[in-house]
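In: okay, structure incoming, though there's no sequence with it:
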């Protein structure tokens, strides 16, 4: 895992306001992740859809979606009873997130390499 | 949630960044769930050590003076802190006079363009609308 991905996961756990002990459990799971289907089995549809949104954001952090990430996103999307086209809408929303992020950095004059390609 | 350069800053500046956010969060003496969630999100992004997180949560109860928050911030950490301070200030839906005054003071300290806060506020409004569009999208989607 790259530092950017760890930062994104810690950010997501912060936004969810997870208890410190739960965060520690999640960090442990990063080295030995459970089966995706086992996780999805215990989740409500609404929670799966929010997880899909944040999973798509996390998967985009290193710049692209690889095959394994796309497979997992499709599996989560299916479990959330969403179509391929609807998954595509979620990924479009993630692209907008990157543009929004670039616009913020532009205002404070702190661009990152690659920002010009995103806009 | 997307990373930028906060996590790459020296540890002391990441701590100063978080201290400034704690100051802004408590400026109106209220702490809503939305503000707390945003605050914890930014702490996560900054990759602070557990000990530093505890110190920052203490700073939420007894925020340091603004001058103390500003003195350890460099140009980069200061700008990132200002951007996220605007996000924090607007997290409860309004930016009151005290918050605006503090934001203007920070922008002046960083020698930014006089219009910087207005532009960041406009960006923040767009950002929250975009966040809402994400929730709307998830709610509307059904097979």
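Out: Done, it's in. Treat the numbers as computed from the prediction; the structure is a model and nothing was measured.
In: what about residue 17, neighbour count?
Out: Because you didn't say which chain, this covers chain A. Applying other C-beta atoms under 10 Å in any protein chain shown, we find 13 residues neighbouring residue A:17. Using the backbone N, CA and C atoms, a C-beta is placed for each residue, glycine as well.
In: actually, chain B is the one I wanted.
Out: So residue B:17, with other C-beta under 10 Å, has 29 neighbours.
In: Three-state assignment for it, please.
Out: helix (DSSP: H, G, I helix; E, B strand; the rest coil).
In: now swap in the one 5 residues further on and tell me
Out: At residue B:22 the chain is in helix, as set by three-state DSSP.
In: pretty sure it contacts residue B:60?
Out: Yes: counting by C-beta atoms under 8 Å, residue B:22 touches residue B:60, with 4.9 Å between them.
In: between those two, who's got more neighbours?
Out: residue B:22 (23 against 18).
In: now do the helices in chain A.
Out: A:3-15, A:20-31, A:36-41, A:45-59, A:67-79, A:84-107, A:115-118 (DSSP state H).
In: where does the prediction get shaky in chain B?
Out: Per-residue confidence for chain B (pLDDT under 70) gives these ranges: B:1, B:3, B:141-143.
In: if we use 80, what do you get?
Out: For chain B, the stretches flagged by pLDDT under 80 are B:1-3, B:138-143.
In: that older thread, so what sits against both of residue B:22 and residue B:60?
Out: residue B:39 (C-beta atoms under 8 Å, 6 or more residues apart in numbering or on different chains).
In: what does the biggest helix by length in chain B contact?
Out: Identified as the longest helix of chain B according to DSSP H is helix B:116-140. Applying C-beta under 8 Å, 6+ apart, the external contacts of helix B:116-140 come out as A:46, A:49-50, A:52-53, A:89-90, A:93, A:96-97, A:100, A:103-104, A:107-108, B:82-83, B:86-87, B:90, B:95, B:100, B:103-104, B:107, B:113.
In: cool, and stretch B:15-22?
Out: B:6, B:9, B:39, B:42-43, B:46, B:48, B:52, B:55-56, B:59-60, B:63-64, B:68-73, B:77, B:80-81, B:84-85, B:88, B:106.
In: starting at the chain centroid, how far to that stretch?
Out: Centroid displacement of stretch B:15-22 relative to its chain, using C-alpha atoms, centre = their mean, to the nearest Å, is 8 Å.
In: likewise stretch B:78-86?
Out: 6 Å.
In: same check on stretch B:85-97?
Out: Per C-alpha atoms, centre = their mean, the displacement of stretch B:85-97 from the mean C-alpha position of its chain is 9 Å.
In: tell me the buried residues in that stretch?
Out: Within stretch B:85-97, the residues scored as buried using 16 or more other C-beta atoms under 10 Å in any protein chain shown are B:85-92, B:95.
In: make JSON lines out of those and add secondary structure.
Out: Output for these, formatted as JSON lines (three-state DSSP):
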{"residue": "B:85", "secondary structure": "helix"}
{"residue": "B:86", "secondary structure": "helix"}
{"residue": "B:87", "secondary structure": "helix"}
{"residue": "B:88", "secondary structure": "helix"}
{"residue": "B:89", "secondary structure": "helix"}
{"residue": "B:90", "secondary structure": "helix"}
{"residue": "B:91", "secondary structure": "coil"}
{"residue": "B:92", "secondary structure": "coil"}
{"residue": "B:95", "secondary structure": "coil"}
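In: checking residue B:112 next. Helix, strand or coil?
Out: coil.
In: if I pick residue B:70, what's in contact with it?
Out: Residue B:70 neighbours (C-beta under 8 Å, 6+ apart): B:20, B:78, B:106, B:109.
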